[in-house]
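# Fold the following for me, if possible:
(2 chains)
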2 protein chains.
Amino acid sequence: MSEALKQVVIVGGGFAGLNAAKSLAREKRVSITLIDRCNHHLFQPLLYQVAMAGLSPADIAAPLRSILSKQKNVRVVWGDVESIDLEARQVEATFGAVPYDYLLLACGARHSYFGHDEWEPFAPGLKTIEQATEIRRRVLVAFEKAELTTDLNERRKLLTFVVVGGGPTGVELAGAIGEMSRFTLERDFRNIDPSLSRVILIEAGPRLLQMFPEKLASRAMRDLESMGVQTWTSSRVTRIDENGVEVSGDRIHAATVLWAAGVQASEIGNQTGFERDRQGRIKVQPDLSVAARPEVFAAGDLCSLMDQGNQPLPGIAPVAMQQGRHFAKVVTCDLNQQPRPPFHYVDKGQMATIGRSCAIAQIGKHHLTGFPAWMAWLIVHIYFLTGFRNRIFVIISWTWSFLTFKRGARLIVSKNWRFYDQRSAHDPDAQSMEPTALDPTSIENTSK
Amino acid sequence: MSEALKQVVIVGGGFAGLNAAKSLAREKRVSITLIDRCNHHLFQPLLYQVAMAGLSPADIAAPLRSILSKQKNVRVVWGDVESIDLEARQVEATFGAVPYDYLLLACGARHSYFGHDEWEPFAPGLKTIEQATEIRRRVLVAFEKAELTTDLNERRKLLTFVVVGGGPTGVELAGAIGEMSRFTLERDFRNIDPSLSRVILIEAGPRLLQMFPEKLASRAMRDLESMGVQTWTSSRVTRIDENGVEVSGDRIHAATVLWAAGVQASEIGNQTGFERDRQGRIKVQPDLSVAARPEVFAAGDLCSLMDQGNQPLPGIAPVAMQQGRHFAKVVTCDLNQQPRPPFHYVDKGQMATIGRSCAIAQIGKHHLTGFPAWMAWLIVHIYFLTGFRNRIFVIISWTWSFLTFKRGARLIVSKNWRFYDQRSAHDPDAQSMEPTALDPTSIENTSK
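This next block holds a predicted model:
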């Protein structure tokens, strides 16, 4: 019996991988190995709220082991995949080789700086918890430094926040910084008025939120403006350094720049010669398998597939979840010796939030804006959040923030755990890792 | 009017500093500057729960600015004090000089490795949020690596946890690791049985919890044993390295060693020539001022003062809070030209928790153990926790953990924010910072 078990290897415990594993829960003919670099599944749609001090990392993450502890046919392994041996049908991981009968590649995407990787230290992206707490640290430190400095140019630079990329993540980040500076921090500072800070959202295309209908997108832009966010469309970033950004010749001095522009699919299996699209996503057949390799599949942000209208499917959670479940279905069909069904994306709509009581949503032909869209956004995100405990915590956090205008996780946390045990809080190691590190030593004299 | 304001400078926003600032809220004749390296006040008595994945950092910390935002006579400054000019009566900080009429030094203590600072990388202490998340990372990573390895000696080492120091923090850490391995992680692993892990608590003195009556301490020891914690008393650590610890000639192989032994007062004002005790604490007069410097005070863990029985006051939160309030009283007395009262510590008792439904408490002559002591411990800690939101979150976390046996913050988070954006998850920078760093690359081949 055990001999006959089909080995299913899933690389990545995001929306696609986790849904694939869960959908195979009752399939007794398979043994599943789920490999991930993180020990947790991350609910990425709310990651920007960790970056903006609204939620704690643990509120939107749950240990993969814990999620799958009752599912006996899954083994969770914490590690990193180095290469794939397509002939031997095995995955080479940091902890050894894992043979497979079915392989699902679902390890997502990272940021792409369009060939300018040197911009990364100055403009972090938002894909991991580590990046979210780093962004939180930079934003909070900028306000602290602005309070201390007496140099007006320096203060102006510190209170300027640039977000590059006008997609949903960029809009959410820019809106949240606007909201935080206008409401949350307002009363807490003595020398500066946080509500005077500038938030500039830069988009290379002609408008924000290009996947949304034009009317909804322009409503979002007006909503952003009411939160103090200035949007610059048709503006291409040509340089990012420690002083700020250069945009088609213009120069903006900013201490904090956040990157929410391009993504690049994970490089996994690069050596396999799979056909990829411009963003590095693996091109798949209608059943999600790779051409000429019916036992290898890709799903989620790593997968390139056209929808009925011959548009590439967007890199969003619903697509990844449905693709993960589809992979499970294909495996079961194979085991039952039934033909494989093609994948069809069921589009239930899309939404983006801008801030307090303010969002846009498109559900079929229905458009929602303002408070109704925001309520819909809240309900959908709570519903899909993994884990009962996380739901409770997020509901309470949001209620508390809504009533008090405060944010519950306003912590500046150093990257070095020995930080505060040193005589000086300013560790050279920490500095060398990050050119833009803001620390009080570089602040000019302050007035009393 | 503004000329006549007395400048009060408080260094450190812990229990002593924060209580001093708050107690001066209605004192219109002073202007207060509170300087801290962190932007938050940390509720240290619950820090071990962050290290043990039970609570999120934000649950036990609150921004100092936010706590004091309504108190108009306080200015909160994020920075680091470098020296004190006693003659000029000013504090030299990273952001400039701050003159004072009254100075309160309340910047606490850090760990002391008794002259063996080379042990620190292998045995982190627990004083800051950074250290707590590092300890959490190490403990969780040890279980993950133990699951992967097939080398039985390696696995044995990975599942051995050594805690050095049998005071309240050591007891709490050891009890929590025991509890986590027995209850929380039990069902989550396939290759290992976490409940077989060894937890060894090492104390140099003849018994644990020496500040407690002997009967309570021995009850605590039995309770710890029932959670699988082995206690080694009268055992002196002679070496700590990447393989584990050496104890009076014995050798314990352990991947995780935690330090909860000696403390050393902060070195602030070392250049001032203040008289200090063996732990580096500043010796103060009965009114908490420094000899011959009636305008300079010390409080909390940085302050050395004998109680009525001629014993030094312990470094615990109630002492610090009362001393902070006493400083405020002395300032007011001076302004009213009244004599300064001496400080008297009102001892309301002490408690230590061991684990689930299990604690010890001494309240006057009354001794509590087991569940009643645990309930008393819960209520007191919730009561003193800063901030309504934090109380709610901690209550819900504890209720959830009690009912489900789970822990809500089981996240392995890297120290490097660019960690997961690299092709390899194993960044050389992160490694070089920490010799014992556990990462999957060093794991031997695993069995299927």
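# Report the central residue of chain A.
Against the mean C-alpha coordinate of chain A, by Cα atoms, centre = their mean, the closest residue is A:Lys127 at 3.7 Å.
# A:Glu172 and A:Ala359 touch, don't they?
No - using Cβ atoms under 8 Å, A:Glu172 makes no contact with A:Ala359, being 9.5 Å away. To be clear about C-beta, it is placed using only N, CA and C from the backbone, and glycine gets the same treatment.
# Touching both of those two, which residues are there?
Applying Cβ atoms under 8 Å, 6 or more residues apart in numbering or on different chains, one finds that A:Glu172 and A:Ala359 are jointly contacted by A:Ala352, A:Thr353.
# quick one: the residue nearest to the centre of chain A is in a strand?
No - looking at A:Lys127 with DSSP: H, G, I helix; E, B strand; the rest coil, it is coil, so not inside a strand.
# A:His111 is in contact with that one, correct?
Yes - here A:Lys127 lies in contact with A:His111, judged by Cβ under 8 Å, at a distance of 6.5 Å.
# Just the pLDDT for A:His426.
Per-residue pLDDT puts A:His426 at 35.
# repeat for A:Glu3
At A:Glu3, pLDDT is 54.
# likewise A:Phe297?
97.
# contacting residues for it?
A:Tyr102, A:Leu103, A:Leu104, A:Leu105, A:Val284, A:Leu288, A:Ser289, A:Val290, A:Phe327, A:Val330.
# In JSON lines, list the residues you listed along with pLDDT.
Listed next are the contacts of A:Phe297 as JSON lines, based on pLDDT from 0 to 100:
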{"residue": "A:Tyr102", "pLDDT": "98"}
{"residue": "A:Leu103", "pLDDT": "98"}
{"residue": "A:Leu104", "pLDDT": "98"}
{"residue": "A:Leu105", "pLDDT": "97"}
{"residue": "A:Val284", "pLDDT": "95"}
{"residue": "A:Leu288", "pLDDT": "97"}
{"residue": "A:Ser289", "pLDDT": "97"}
{"residue": "A:Val290", "pLDDT": "95"}
{"residue": "A:Phe327", "pLDDT": "98"}
{"residue": "A:Val330", "pLDDT": "97"}
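# Among those residues, which are located in helices?
A:Phe327, A:Val330 (DSSP state H).
# Neighbour-wise, which one of the contacts of A:Phe297 leads?
A:Leu104 (32 neighbours; other Cβ atoms under 10 Å in any protein chain shown).
# What mean pLDDT does stretch A:308-317 get?
85.
# Give me the distance between the two termini of it.
Across stretch A:308-317, the terminal residues are separated by 19 Å (Cα to Cα, to the nearest Å).
# for stretch A:11-18, same thing?
10 Å.
# what does that stretch contact?
A:10, A:21, A:34-36, A:38, A:40-42, A:44, A:64, A:67, A:76, A:81, A:91, A:103-108, A:266, A:268, A:299-303, A:317, A:320-321, A:323-324, A:327, A:386.
# For chain B, tell me which of those show up nearby.
On the criterion Cβ under 8 Å from any Cβ of the partner chain, A:Cys38, A:His40 are the entries of those that sit beside chain B.
# Give me the subset of the contacts of stretch A:11-18 lying in helices.
Counting by DSSP H, the contacts of stretch A:11-18 contribute A:Ala21, A:Leu64, A:Ile67, A:Ala317, A:Ala320, A:Met321, A:Gln323, A:Gly324, A:Phe327 to helices.
# now, among those residues, which is nearest to A:Thr149?
Nearest to A:Thr149 among the ones in helices among the contacts of stretch A:11-18: A:Ala317, at 41.0 Å, using Cβ to Cβ.
# ok now do the closest one, which residues does it touch?
If you count contacts by Cβ under 8 Å, 6+ apart, then A:Ala317 has A:Phe15, A:Gln44, A:Pro45, A:Phe384 around it.
# Name the nearest residue to the first one, ignoring sequence neighbours.
The shortest distance from A:Phe15 to any residue other than its chain neighbours is 3.8 Å, reached at A:Ala320 (Cβ to Cβ, 6 or more residues apart in numbering or on different chains).
# Tell me which stretches of the stretch 251-400 of chain A form helices.
A:317-335, A:370-384, A:388-404 (DSSP state H, counting those that start in this stretch).
# what comes up buried for the second one?
Of the residues in helix A:370-384, A:Ala373, A:Trp374, A:Ala376, A:Trp377, A:Leu378, A:Val380, A:His381 count as buried by neighbour count, 16 or more other Cβ atoms under 10 Å in any protein chain shown.
# Measure how that helix sits relative to helix A:388-404, angle-wise.
Going by axes from the mean of the first three to the mean of the last three Cα atoms, to 10 degrees, helix A:370-384 is angled at 160 degrees with respect to helix A:388-404.
# Give the other helices and strands that helix A:370-384 contacts.
strand A:350-355, strand A:358-363, helix A:388-404 (3 or more Cβ pairs under 8 Å, 6 or more residues apart in numbering or on different chains; DSSP states H and E).
# Chain B contacts on the stretch 101-250 of chain A?
A:110-111, A:120-121, A:124-125, A:127-131, A:133-134, A:140, A:144, A:147-148, A:187-190.
# repeat that for 7 Å
Residues of the stretch 101-250 of chain A lying close to chain B (Cβ under 7 Å from any Cβ of the partner chain) are A:110-111, A:124, A:127-131, A:134, A:140, A:144, A:148, A:187-188, A:190.
# Can you list the low-confidence ranges for the stretch 1-150 of chain A?
A:1-3 (pLDDT under 70).
# what are the ranges of the strands in it?
For the stretch 1-150 of chain A, strands defined by DSSP state E, counting those that start in this stretch occupy the ranges A:6-11, A:30-36, A:40-42, A:61-63, A:74-78, A:81-85, A:90-93, A:96-99, A:102-105, A:109-111.
# re earlier: could you work out the most separated pair of the residues of the stretch 101-250 of chain A next to chain B?
A:Arg110 and A:Arg190, at 40.4 Å, using Cβ to Cβ across those.
# so A:Ser248 makes contact with A:Ser235?
Yes - the pair A:Ser248 / A:Ser235 is scored as a contact, 5.8 Å apart, by Cβ atoms under 7 Å.
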